[in-house]
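Participant: Just a sequence and a predicted model for now, questions to come.
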Amino acid sequence: MIVVTLQRKKCIGCNYCVELAPLQFQMSKKDGKAVLIRGIEKKGFYTIKSPDETIHEVCDLAAKACPTKIISVKIV
């Protein structure tokens, strides 16, 4: 199981996550910040849990590329 978390409030809209993992992230047209597709919001953190381990590599690349380090990827 892969758990991806985005702390959206701290997003600066650099678009790296969308470029590296376009099936998991998109940019909001309202405020220009990243959106975790199908993410569940809880206290400012958006999280998805996926049994699809093929997303780990691209989400990990997005997390490493993020200049504000607001994306975390874990295998549970």
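Facilitator: Now that the structure is in, tell me what you want to look at. Since the structure is predicted, the reported quantities are computational estimates derived from the model, not experimental observations.

Participant: For residue 34, the count of nearby residues, please.
Facilitator: Per other CB atoms under 10 Å, the neighbour tally for residue 34 reads 28. The way it works is simple: take the backbone N, C-alpha and C, and place the C-beta from them, glycine included.

Participant: So it is in contact with residue 22, correct?
Facilitator: No - counting by CB atoms under 8 Å, residue 34 stays clear of residue 22, with 11.3 Å between them.

Participant: Mutual contacts of those two, please.
Facilitator: The contact sets of residue 34 and residue 22 do not overlap (CB atoms under 8 Å, 6 or more residues apart in numbering).

Participant: Tell me how far the residue sitting furthest away from the middle of the chain lies from residue 48.
Facilitator: Most distant from the centre of the chain: residue 30, at 17.5 Å, with distances by CA atoms, centre = their mean. Remark: distance between residue 30 and residue 48 (CB to CB, to the nearest Å) = 20 Å.

Participant: And for residue 13?
Facilitator: From residue 13 to residue 48 the distance is 20 Å (CB to CB).

Participant: quick one: stretch 41-58 to chain centroid distance?
Facilitator: 7 Å (CA atoms, centre = their mean, to the nearest Å).

Participant: Straight-line length of that stretch, end to end?
Facilitator: Criterion CA to CA, to the nearest Å; first-to-last residue distance in stretch 41-58 is 21 Å.

Participant: mind listing what's buried in it?
Facilitator: Neighbour counts over stretch 41-58 (16 or more other CB atoms under 10 Å) mark 45, 46, 48, 55, 58 as buried.
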